[in-house]
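Chemist: fold the following for me, if possible:
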Amino acid sequence: MKSVVVGTAGHIDHGKSALVRALTGTDPDRLKEEKARGITIDLGFAHATVDGVHAAFVDVPGHERFVKNMLAGAGGIDLVVLVVAADESVMPQTREHFDICRLLRVRSGLIALTKSDLADTEMLELARLEVRELVAGSFLDQAPMVPVSAKTGAGLDDFRRALIEVASGIPGRNVNGAARLPIDRVFSMKGFGTVITGTLVSGRVAVDDELMLVPGERRVKVRGVQVHGARCPDAVAGQRTAVNLSGVEVEDISRGQALVMPAAFAETRLADASVELLPDARPLKHGARVRFHQGTAETLGRIAIVGPVASPGRAPVLEPGSQAFVRLRLERPAVLTRGDRYILRAYSPAVTIAGGAILDPRPPKSAIRTEAALARCRRLAIAETESRAEVELAGTAAMIDASAGAGLPVSLLVPRAGIDPAAVPIRIEALVGSGAAVRAGEVLVAPAIVADLKSRIVEALAAHHRARPLADGVPREELREQLFAKGHADVFARALDDLAAAGTILVRDRVALAGHRVELSPEEARARTAIENAYRQSGLKPPDPGTVAADAGVSGAVADRVLKLLQRQKVLVRLDTLLFHDEALKQLKADVAALKAAAGSGARIDVATFKERFGVTRKYAIPLLEYLDRERLTRRVGDARVIL
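Modeler: Have a look, this model is predicted:
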């Protein structure tokens, strides 16, 4: 059976609750104060099945003091019933509720001209004209408008038919996405314990699921699920749901939290967003304190307008009716993902002023009053098309592009980009296959970033080889710090891998162009031969580098370059402050192995014996013995060493 969530909207005392009661037989006003005062204060709920469609009604308060409660119920609805009393027509909260629904991008609805029994033909026609003027050009422009009387029952059947007609065109919610249930009510039920209710906006919640309460990061277990008052094994997106939880008390939960799949949503105090200021709102200043509403949550925060300032020295201002990009700085954590719709209300007086969509719930902490920041938001604000898949793909590609060298970690495709967990592999394949992204380890990055980095690596290596022809190349980390210090290490590794696979570079301890060869000048070639011979002939008693340079007849600078080259080529090995020829060390290891063969198991050697055996002083003996320890040919025991 198809399920839809129907929200009411309209001015106080225009008959919203009465209409719901007439359609469902349930009074949505559940509080004693509501019944005593005859007005709706908080959200009310009722449901009915009409011609095979199950309609769950969320009845909202119409009084201006309770708009924040109205907002808590408006976020999860599929369609809205704009309720206008025929005898009073359009009133202030009619306009505000309509603005909220439009800003939240509610896509479908119908209009109920209630209390039709109190209006004559002329009044009814006047109400029609005023409502049509209000909704002109909006999602309700062509919506059915039905006169109805909850008191006499007149028009109820026509209204039901119109409701079913509108409901039939509503697409289903994403039942395979990450479970997300914004909580609008929490209470304790005898024999069951803690129960929460809300509209399941995505995914599925089943008995025995282990989920998270956020903000707060508290793990809970689902003991039971009810949909429309009946126990069920699970609930799916688009259904009003009651969930019995274990592992948490009522006082630990509040409206504004959400029940979600673990690791699928992240808390944030910072978000980049698009914003649309209402035409009748006051100008909105940079840094203004606002009331931020998303889902069932209300959070205070400030807005910072993105983009360069037109008049230096003056803070930017959003004019009524304008659209822009803002960075939201919230005073408490909120659970947001890309694409979430939100509402802004003024801090004081608390009136609805704007709304928009979250572009990036975890933006980089970078300057926002720049052209680059504005361009980034423009790339993220992908216009909707007929294909939802194309929009989502383009949106993810824009977020990857906007992430620059930092890339977008695959682990954030769900909480930050708003992708269904099950669709992550397919999304990655589509992004890579279309050329919109390159996968670098566990990061997705824009192809242009990788191409630019590869070009700069080749240029940097060529410049290094020209400046230092004796060098084998640049140490890998030194090259990364030089070219990509603020970028993701996986992106740099991918660029190196691509260049190595193409045969452009060689990557070992150092990175070099594939065609690079160490080129010695005649003086350097002569110095290399003389220095290597000097160290080879000195064996385990190597000469001082200064003496070697003097004997070879070369300058200290030339000798230093040649000595470093011989070390990189592993011809010379540095032990402490001394340099030994590699052949001398190999012969030493062979001699020590021969000592063990001659003396048998348990053979030992101390410093004095070593000095005498190899004809060296303590200056050379100590670093050589420590070298043998590192090479695992000996192990120090007290003042002696056991030959292994």
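Chemist: longest strand of the chain?
Modeler: Ranked by residue count, the top strand of the chain under DSSP state E comes out as strand 323-336.
Chemist: mind exporting that one as PDB, just the C-alpha atoms?
Modeler: Coordinates of each C-alpha in strand 323-336 appear next as PDB, following Å, rounded to 0.1, in the frame of the first residue of the first chain:
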ATOM      1  CA  GLN A 323      19.700  34.700  -3.500                       C
ATOM      2  CA  ALA A 324      23.300  34.100  -2.400                       C
ATOM      3  CA  PHE A 325      25.700  31.600  -0.800                       C
ATOM      4  CA  VAL A 326      26.400  31.700   3.000                       C
ATOM      5  CA  ARG A 327      28.500  29.900   5.500                       C
ATOM      6  CA  LEU A 328      26.400  28.800   8.500                       C
ATOM      7  CA  ARG A 329      28.200  28.900  11.900                       C
ATOM      8  CA  LEU A 330      26.000  27.100  14.400                       C
ATOM      9  CA  GLU A 331      26.100  27.400  18.100                       C
ATOM     10  CA  ARG A 332      25.300  23.700  18.700                       C
ATOM     11  CA  PRO A 333      26.100  20.700  16.600                       C
ATOM     12  CA  ALA A 334      23.600  19.700  13.900                       C
ATOM     13  CA  VAL A 335      23.300  16.600  11.800                       C
ATOM     14  CA  LEU A 336      23.400  17.700   8.100                       C
END
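Chemist: please name every helix or strand in contact with it.
Modeler: The contact analysis (3 or more C-beta pairs under 8 Å, 6 or more residues apart in numbering; DSSP states H and E) places strand 323-336 against strand 266-277, strand 289-294, strand 297-305, strand 352-360, helix 371-380. Heads up, the C-betas are built off the backbone N, CA and C, glycines and all.
Chemist: out of the ones you listed, nearest to residue 190?
Modeler: Among these, strand 297-305 comes nearest to residue 190, with 28.7 Å by C-beta to C-beta.
Chemist: which helices and strands sit right next to that closest one?
Modeler: helix 67-74, strand 289-294, strand 323-336.
Chemist: can you redo those as a markdown table with mean pLDDT and distance to residue 558?
Modeler: Formatted as a markdown table, the helices and strands packed on strand 297-305 follow (pLDDT from 0 to 100; distance: least, C-beta to C-beta, whole Å):
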| stretch | mean pLDDT | distance to residue 558 |
| --- | --- | --- |
| helix 67-74 | 75 | 78 |
| strand 289-294 | 95 | 68 |
| strand 323-336 | 96 | 57 |
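Chemist: ok, back up a step: now the helices and strands packed on strand 323-336 as a markdown table including mean neighbour count and distance to residue 125?
Modeler: Output for the helices and strands packed on strand 323-336, formatted as a markdown table (neighbours: other C-beta atoms under 10 Å; distance: least, C-beta to C-beta, whole Å):
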| stretch | mean neighbour count | distance to residue 125 |
| --- | --- | --- |
| strand 266-277 | 21 | 32 |
| strand 289-294 | 22 | 36 |
| strand 297-305 | 20 | 39 |
| strand 352-360 | 24 | 29 |
| helix 371-380 | 18 | 46 |
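Chemist: who wins for proximity to residue 611 among these?
Modeler: Per C-beta to C-beta, nearest to residue 611 of the helices and strands packed on strand 323-336: strand 266-277, 64.8 Å.
Chemist: the helix or strand just after the closest one - what's its average pLDDT?
Modeler: Counting by DSSP states H and E, the next helix or strand C-terminal to strand 266-277 is strand 284-285. Strand 284-285 carries an average pLDDT of 93.
Chemist: ok now strand 284-285, how far from the chain's centre?
Modeler: The chain centre lies 28 Å from the centre of strand 284-285; the measure is C-alpha atoms, centre = their mean, to the nearest Å.
Chemist: partners of that strand in the sheet?
Modeler: Strand 284-285 pairs in its sheet with strand 317-318 (antiparallel), by DSSP bridges.
Chemist: related to what we said a few turns ago, got TSV for the helices and strands packed on strand 323-336, with distance to residue 104 too?
Modeler: Output for the helices and strands packed on strand 323-336, formatted as TSV (distance: least, C-beta to C-beta, whole Å):
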stretch	distance to residue 104
strand 266-277	11
strand 289-294	9
strand 297-305	14
strand 352-360	6
helix 371-380	20
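Chemist: what's near enough to touch the residue most central in space within the chain?
Modeler: Nearest residue to the geometric centre of the chain (C-alpha atoms, centre = their mean): residue 416, 2.4 Å. Counting by C-beta atoms under 8 Å, 6 or more residues apart in numbering, residue 416 touches 266, 337-338, 360-362, 399, 408.
Chemist: could you flag which of these are buried?
Modeler: Of the members of those, the ones counted as buried by neighbours, 16 or more other C-beta atoms under 10 Å, are 266, 337-338, 360-362, 399, 408.
Chemist: out of these, the closest to residue 204 would be?
Modeler: Nearest to residue 204 among these is residue 337, at 17.2 Å by C-beta to C-beta.
Chemist: so which of the helices and strands packed on strand 297-305 is the most surrounded?
Modeler: Highest mean neighbour count of the helices and strands packed on strand 297-305: helix 67-74, a mean of 24 (counted as mean count of other C-beta atoms under 10 Å).
Chemist: so what strands line up beside the next helix or strand after that one?
Modeler: Per DSSP H and E, the first helix or strand lying C-terminal to helix 67-74 is strand 79-85. Strand 79-85 has the following strand partners under DSSP bridges: strand 2-10 (parallel), strand 108-114 (parallel).
Chemist: turn the ones you listed into TSV, columns for mean pLDDT, distance to residue 379 and mean neighbour count.
Modeler: Output for the strands paired with strand 79-85, formatted as TSV (pLDDT from 0 to 100; distance: least, C-beta to C-beta, whole Å; neighbours: other C-beta atoms under 10 Å):
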stretch	mean pLDDT	distance to residue 379	mean neighbour count
strand 2-10	90	33	25
strand 108-114	96	30	25
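Chemist: quick one, which of the ones you listed is nearest to residue 330?
Modeler: The minimum distance between residue 330 and the strands paired with strand 79-85 falls on strand 2-10, with 25.1 Å, by C-beta to C-beta.
Chemist: ok now the closest one, how far from the chain's centre?
Modeler: 31 Å.
Chemist: now do stretch 171-187
Modeler: For stretch 171-187, the distance to the chain centre is 20 Å (C-alpha atoms, centre = their mean).
Chemist: could we number from 242 for the rest of this?
Modeler: Taking 242 as the first residue, the last one we looked at is stretch 412-428.
Chemist: so which of the helices and strands packed on strand 564-577 comes closest to residue 372?
Modeler: Using C-beta to C-beta, the nearest of the helices and strands packed on strand 564-577 to residue 372 is strand 593-601, at 19.0 Å.
Chemist: within the sheet, what are the partner strands of the closest one, with directions?
Modeler: Partners of strand 593-601, by DSSP bridges, with direction: strand 507-518 (antiparallel), strand 582-587 (antiparallel).
Chemist: out of those, nearest to residue 462?
Modeler: Across those, closest to residue 462 is strand 507-518 (C-beta to C-beta), at 21.0 Å.
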